[in-house]
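> Kindly generate the corresponding structure for this input.
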Amino acid sequence: MTPQPSTLEFEREPCSRCGGCGRYSYNQITGDRCFKCGGRGWTLTKRGVAAHAWHKAQRTVPASQVKVGDRIQSMGLKITVRSIEPQSDGALLFRGQTHSLITASPVEVLPVTNDAKNAALMRSFAYQDTLGKNGKPLKTKEGV
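This is a model prediction of the structure:
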């Protein structure tokens, strides 16, 4: 049986600063949240960072390739594109139901269905398996 993507994760390890508890050194402003892991208690390994970056790069496209109906993410904002309007400076205005986004920069096109999301994650986990501990692709023997 193939494991489902919801049970798989990018490779991670307990945070070396807080020891995995998510708390470290109390202060009045931010409390005792660990700043290295953001309070999660874990950080990605070098393999996990490389695989996550590859995963994000696979979804990133120029703004000009976005179509109506795509779900995009840029600058922390996620919208489902309902209309696209060109701007005089070459940027594009993407209108969603409640938010709008103007950008000429590449954007992430997010999968709309769970099947598409799971397929993208499985490709990323397969890529992660080809990496060494340093986050670089493993060397293969040529001609074997």
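> what's near enough to touch residue 105?
63, 74 (Cβ atoms under 8 Å, 6 or more residues apart in numbering). Bear in mind the C-beta positions are built from the backbone N, C-alpha and C, glycine included.
> how close does it sit to residue 126?
28 Å (Cβ to Cβ, to the nearest Å).
> Below-threshold pLDDT in the chain: ranges please.
1-7, 141-144 (pLDDT under 70).
> So which residues of it form strands?
12-14, 23-27, 31-33, 42-44, 60-61, 71-74, 77-80, 83-86, 92-95, 100-103, 107-110 (DSSP state E).
> Give me the helices and strands touching the shortest one, please.
Here strand 60-61 is seen to pack against strand 107-110 when contacts are counted using 3 or more Cβ pairs under 8 Å, 6 or more residues apart in numbering; DSSP states H and E.
> Quick check: buried residues in the strand it packs on?
107, 109-110 (16 or more other Cβ atoms under 10 Å).
> Looking at the residues you listed, which is nearest residue 43?
residue 110 (23.9 Å; Cβ to Cβ).
> Dump the helix ranked longest in the chain to CSV, restricted to CA.
Across the chain, the longest stretch assigned as helix under DSSP state H is helix 114-129. What follows is the C-alpha trace of helix 114-129 in CSV, where atoms were taken according to Å, rounded to 0.1, in the frame of the first residue of the first chain:
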residue,chain,number,x,y,z
ASN,A,114,-6.8,17.4,-3.3
ASP,A,115,-5.8,14.9,-5.9
ALA,A,116,-3.6,17.5,-7.7
LYS,A,117,-2.2,18.6,-4.3
ASN,A,118,-1.4,15.0,-3.4
ALA,A,119,0.2,14.3,-6.7
ALA,A,120,2.5,17.4,-6.4
LEU,A,121,3.5,16.4,-2.9
MET,A,122,4.3,12.8,-4.0
ARG,A,123,6.6,14.2,-6.8
SER,A,124,8.3,16.4,-4.2
PHE,A,125,8.8,13.5,-1.7
ALA,A,126,10.2,11.4,-4.6
TYR,A,127,12.6,14.3,-5.3
GLN,A,128,13.6,14.4,-1.6
ASP,A,129,14.5,10.7,-1.8
